[in-house]
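1. Here is a sequence with its predicted model. Questions after.
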Amino acid sequence: MSEFIGTKLTMNLGERSYDIIVKSGSLENLYQFARLDRRVAVVTDSGVPAQYAQMVADQCKDAHIITVPQGEASKSFKILESVLKQMLEFGMGRGDLVIAVGGGVVGDLAGFAASIYMRGIDFINCPTTTLSMIDSSIGGKTAVDLGDTKNIVGTFWQPKLVIVDPDTLATLPRRHFINGLAEAVKASLLADPELFAIFENGDVDAQIGEIICRSLRFKKNIVEQDETEQGMRKALNFGHTIGHGIEAVKGIKGRRTVGLYHGECVALGMLPMIESKALQKRVRAVYRRLGLPTRTTYDKEKVLAEMLHDKKAQSGQITIIKVPGLGCWRAETIPVEGLRPLLGIEE
């Protein structure tokens, strides 16, 4: 773990770039990496230990902590408006800063608020969950949901800095910790057999630093080549087409407190897209080893209906990502009806 904890990666996007710091204790030393001598809105949610946002606020010259309710339901226009109003009442201007401290929901919401407040102000992401550290904290996708359709209203707004402090994972419930690893399994299947070997035979807890860094390197390389998802960035949607459908029907959100988390849905969504039966068997074994679900029961027609709302479905066609073997993938555009056999729906 030690050789990876203390890694600095740099996202290079043409004339713009930003650093991704993976370092124990980096959250309490944020001032070493960022300009905090301005008004700073620290956005967090009620599920994140309050000490993390406070730790960031204490390093700022003038900070205001904005706490939204925990859960996917906070990715709404109502909560977005509340965040923007608080930023306005705090007197924030064009030179000020938004810092997200929390998981993917907080990052998506705070990043979107930063991207549209005064037509765009600086944003720093401090992910505190495995899911956000491994995946959503980099790449610049920000969004809120509209009704049941996920991430349909948003922007590409790159952070100025990403601070990944693995120490914050100590307070994460075990199921959330494992949930986030699904996105790292995704990265390993698409492009990193060595990372997959950690999931098959390694010590996930001891090697979490390496898992985070390998996953971030993979995503960084793709985003650098395709920032706004015109081509190869679509690979990152592997498992998400079916996964989002399952999440809409069985996900933990709003008043629904029993069900599946995002990573668990993505894990299930990846299985039908793996074309090699031998690899599919190995992936199921990895899921069992980690504690991710290998199957679930759901109303297949309802899941299909949700998939047809997917923003990737256009004019009766949808692009899906298939994995023919470990470390390789291909994009395939199929008629939306072609999703039926993938869900196991008989003609």
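-> That came through, no problem.
2. Other residues contacting the strand or helix carrying residue 278?
-> Per DSSP states H and E: residue 278 is located in helix 277-290. Contact with helix 277-290 is made by 178, 181, 185, 189, 196, 199-200, 204, 267, 270-271, 274, 292-294, 323, 325-326, as judged by Cβ atoms under 8 Å, 6 or more residues apart in numbering. All C-beta atoms are positioned from the backbone trio N, CA, C, and that covers glycine.
3. Excluding chain neighbours, give the residue nearest to residue 272 in space.
-> residue 342 (4.6 Å; Cβ to Cβ, 6 or more residues apart in numbering).
4. beta partners of the nearest residue to residue 112 once chain neighbours are set aside?
-> Spatial nearest neighbour of residue 112, chain neighbours left out: residue 142 (3.9 Å); criterion: Cβ to Cβ, 6+ apart. Beta bridges link residue 142 to residue 155, judged by DSSP bridges.
5. Low-confidence ranges, this protein, go.
-> 1-5, 254-255, 311, 347 (pLDDT under 70).
6. So which residues of it form helices?
-> Using DSSP state H, the helices of the chain run over 50-57, 77-89, 104-116, 130-131, 174-191, 193-201, 208-225, 240-250, 262-270, 277-290, 300-308, 339-343.
7. what's the first one packed up against?
-> Contacts defined by 3 or more Cβ pairs under 8 Å, 6 or more residues apart in numbering; DSSP states H and E place helix 50-57 against strand 39-45, strand 62-68, strand 97-102.
8. chain center to the last one, what's the gap?
-> Centre-to-centre, strand 97-102 and its host chain are 15 Å apart (Cα atoms, centre = their mean, to the nearest Å).
9. just the angle between it and strand 62-68, please?
-> In terms of direction (axes from the mean of the first three to the mean of the last three Cα atoms, to 10 degrees), strand 97-102 departs from strand 62-68 by 40 degrees.
10. and strand 97-102 with helix 77-89, angle?
-> Using the same axes, to 10 degrees: strand 97-102 against helix 77-89 is 140 degrees.
11. Output strand 97-102 as PDB, nothing but the C-alphas.
-> What follows is strand 97-102, C-alpha atoms only, in PDB (Å, rounded to 0.1, in the frame of the first residue of the first chain):
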ATOM      1  CA  LEU A  97     -14.300  28.200  -4.600                       C
ATOM      2  CA  VAL A  98     -16.600  25.200  -4.000                       C
ATOM      3  CA  ILE A  99     -15.200  22.100  -2.300                       C
ATOM      4  CA  ALA A 100     -17.100  18.800  -2.300                       C
ATOM      5  CA  VAL A 101     -16.400  16.600   0.700                       C
ATOM      6  CA  GLY A 102     -18.200  13.300   0.400                       C
END
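12. What pairs with it, parallel or antiparallel?
-> Counting by DSSP bridges, strand 97-102 is paired with strand 39-45 (parallel), strand 122-127 (parallel).
13. which parts of the shortest one are buried?
-> When you say that, I think you mean strand 122-127. 122, 123, 124, 125, 126, 127 (16 or more other Cβ atoms under 10 Å).
14. With distance to residue 104 as extra columns, can I get the residues you listed in TSV?
-> Shown next, in TSV, are the buried residues of strand 122-127 (distance: Cβ to Cβ, whole Å):
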residue	distance to residue 104
122	20
123	14
124	15
125	10
126	12
127	8
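15. Of these, which is the nearest to residue 226?
-> Residue 226 has its nearest neighbour among those in residue 125, at 20.0 Å by Cβ to Cβ.
16. thinking the closest one is in contact with residue 158, fair?
-> No: Residue 125 lies out of contact with residue 158 (Cβ atoms under 8 Å); the separation is 9.7 Å.
17. Quick check: residue 68 touching residue 107?
-> No: counting by Cβ under 8 Å, residue 107 is not a contact partner of residue 68; they are 12.0 Å apart.
18. Looking at the two, which is more packed in?
-> residue 107 (29 against 24; other Cβ atoms under 10 Å).
19. So for that one, what's the nearest residue that isn't a sequence neighbour?
-> Closest to residue 107 by Cβ to Cβ, 6+ apart is residue 100, at 4.6 Å.
20. Who are the contact partners of residue 83?
-> 41, 43, 66, 68, 109, 110, 113.
21. Contact partners for residue 23?
-> 5, 6, 7, 163, 164, 165.
22. ChimeraX command for the buried members of the residues you listed?
-> Entered in ChimeraX, the line below selects the buried ones among these, by 16+ other Cβ under 10 Å:
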select :5,7,163,164,165
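23. So what's the gap between stretch 149-156 and the chain middle?
-> 13 Å.
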